[in-house]
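Visitor: One predicted model, sequence on top.
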Amino acid sequence: MNILIVENSIIPFKHYGGTQRVIWYLGKELYKLGHKVTYLVKKGSKCDFGKIIFINNDKELYEQIPNYIDIVHFNNQPADLYKIDKPYIITMHGNLNNNNSLDYNTVFVSKNHAERYNSNSFVYNGLDWNDYSKPNFNKKNCYHFLGKASWGVKNLKGSIQIIKGLENNKLLVLGGKRFSERVLKMGPAYFLSTKVDFKGMVGGKEKENYLNMSKGLIFPVLWHEPFGLAIIESLFYGCPVFGTPYGSLPELINNEVGFLSTKKKEIKNRIKDTGLFNNKYCHEYALENFNSKNMAKKYLEKYSVVLNGEKLNLNKPELKNIQNQKYLKFE
């Protein structure tokens, strides 16, 4: 099968690279399974297992799809979708907060993500764990935050509040600018704390080294997290996840690999019992359930449905509930 993966970014990924990381590993696994992969991506991209076509902003997207392609895999919904004459699917990676209808062939990245849009069409993200260094299960006295520090829904402030209630521990802040505007707005009490160590935007071996030092991910998000690569990367390194029960978290985090609550005090108390979690089990759980081979096989099932002339959703997905509050509950 000739598969075209479309994403308006540069591959391979640099630093964190959420969607870029996912589509890179998806294409790599599809290639290993015997398919031909072409990427339609930004100039500057390169790939050693598939063909690269650079997006031409002076042409409409449908004009840039080669004739030899069997199916197109978009990673956002293009404006000229109605002009596409090839079978296609669209992976929705993020959240919307409006009643706009999505395309029939939309795929979400978790069960909860799909259900919030009246859909049951989803594929979990997966990573190629062979590209990651070996986990260290002898943890030190630190935890980590992994995400865009300046993004309020990721709740860095809540993570800091939690760590400040724990003795003899500190928080490694991985993601975003080293000194973001949001961090500055927290005030000196947060910004200058010796319990918080801002590492800035890190990737590759540097990020892996920090995850290998950590005893757990503190992840009290204030929105319905669609999936969360930070979750599965942390689990791979034997880190249990302590967060809020929003979005995909309850389906990704069971009692053996983490703890979820809307209350800071309950999360603090559970973190004090981090030793009750089996680091090796957390690693094996991520390895087995969230790998890129599983992801590729699930997407091939979606491709097959569309190539057979069927739709992935009986009705156009549409968000069931508009979120009126800026942030979800956390106290």
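Guide: Looks like it arrived, so ask away.
Visitor: which residues of the stretch 1-150 of the chain fall in strands?
Guide: Using DSSP state E, counting those that start in this stretch, the strands of the stretch 1-150 of the chain run over 2-6, 36-41, 51-54, 71-74, 88-91, 106-107, 142-146.
Visitor: Sketch out the low-pLDDT regions of the protein for me.
Guide: For the chain, the stretches with pLDDT under 70 are 15-16, 177-192.
Visitor: what does the domain assignment say about it?
Guide: 2-127+293-307, 129-289 (automatic domain parsing).
Visitor: Distance from the chain centre to the longest one, please.
Guide: Right, the one you point to is domain 129-289. Counting by C-alpha atoms, centre = their mean, to the nearest Å, domain 129-289 is centred 14 Å from the centre of its parent chain.
Visitor: picking up where we left off before, take the strands of the stretch 1-150 of the chain and write them to CSV, including distance to His283.
Guide: All C-beta atoms are positioned from the backbone trio N, CA, C, and that covers glycine. Shown next, in CSV, are the strands of the stretch 1-150 of the chain (distance: least, C-beta to C-beta, whole Å):
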stretch, distance to His283
strand 2-6, 29
strand 36-41, 29
strand 51-54, 34
strand 71-74, 30
strand 88-91, 27
strand 106-107, 27
strand 142-146, 16
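Visitor: Can you add distance to Leu287 and mean neighbour count and give those strands back as a markdown table?
Guide: Converted to a markdown table, those look like this (distance: least, C-beta to C-beta, whole Å; neighbours: other C-beta atoms under 10 Å):
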| stretch | distance to Leu287 | mean neighbour count |
| --- | --- | --- |
| strand 2-6 | 24 | 21 |
| strand 36-41 | 24 | 22 |
| strand 51-54 | 30 | 15 |
| strand 71-74 | 25 | 24 |
| strand 88-91 | 23 | 22 |
| strand 106-107 | 23 | 24 |
| strand 142-146 | 18 | 26 |
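Visitor: Which one, of the ones you listed, ends up nearest to Tyr281?
Guide: Comparison of the strands of the stretch 1-150 of the chain against Tyr281 by C-beta to C-beta identifies strand 142-146 as nearest, at 18.3 Å.
Visitor: phi, psi of Ser292?
Guide: phi -70, psi -20 (degrees, to the nearest 10).
Visitor: actually Ser234, not the one I wrote
Guide: Dihedral angles (degrees, to the nearest 10) for Ser234: phi -70, psi -40.
Visitor: check contacts around it.
Guide: Residues in contact with Ser234 (C-beta atoms under 8 Å, 6 or more residues apart in numbering) are His144, Leu146, Leu211, Ser214, Gly216, Leu217, Phe219, Val241.
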